[in-house]
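S.K.: one predicted model, sequence on top.
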Amino acid sequence: MSDLRPDPALVGTELPPVARVVTRADVKAYADVSGDENPLHQSDDAAIAAGFDGIIAHGMFTMGHMAAAVCGWAGPAGHVIRISAQFRASVSMGDTIVAGARVTAADPGARTLTLETWVHVDREGVVEWPVKRGEATLGFS
């Protein structure tokens, strides 16, 4: 979003949602890169034994989607100063995760914006809200 800047008039603005479908290939690639080979993310049998319908995405995979969305909203003039999230629910293969945010504060003097952030899941038309909830602070040059 190229017009994002520390303007108090933006407080209350919701940023455009960023969606992606979670696939086994994505989760396997994340496991390989992160070194997190927990069977819940690799084996349907292990995940089912733990009470899930099949393998689930890493919590940090979903957090990574939220962080990527924040970076995209910041654009080339912005940078992430801080980001946090609460992990609230699991994400299964085939789920559509959607990152969103709302501008909650703008400080033109400090050249920062604060965002309330979230990720919700759309499972076959049923939205689970939110699986992640957090906050991000963006700085602008």
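M.R.: Okay, I see it. None of the values given here were measured: they were computed from a predicted structure. Numbers count the residues shown, from 1 in each chain.
S.K.: for residue 15, give the beta-bridge partners.
M.R.: residue 101 (DSSP bridges).
S.K.: tell me the buried residues in the helix ranked longest in the chain?
M.R.: Using DSSP state H to define each element, the chain has its longest helix at helix 59-74. For helix 59-74, a neighbour-count test (16 or more other Cβ atoms under 10 Å) marks 59, 61-63, 65-67, 69-70, 73-74 as buried. For the C-beta atoms, the positions are set from N, CA and C on the backbone; glycine is no exception.
S.K.: got any ranges where this structure has weak pLDDT?
M.R.: 1-2 (pLDDT under 70).
S.K.: which residues in it form helices?
M.R.: Here the chain has its helices, by DSSP H, at 24-34, 44-49, 59-74.
S.K.: so who does the most centrally placed residue in the chain touch?
M.R.: When the chain is reduced to its mean C-alpha position, the closest residue under Cα atoms, centre = their mean turns out to be residue 66, at 1.9 Å. Residues in contact with residue 66, defined by Cβ atoms under 8 Å, 6 or more residues apart in numbering, are 83, 85, 99, 117-119, 132, 134.
S.K.: and the angle from the longest strand seen in the chain to helix 59-74?
M.R.: Scanning the chain for the strand with the most residues, using DSSP state E, yields strand 126-140. With axes from the mean of the first three to the mean of the last three Cα atoms, to 10 degrees defining the directions, strand 126-140 sits at 50 degrees from helix 59-74.
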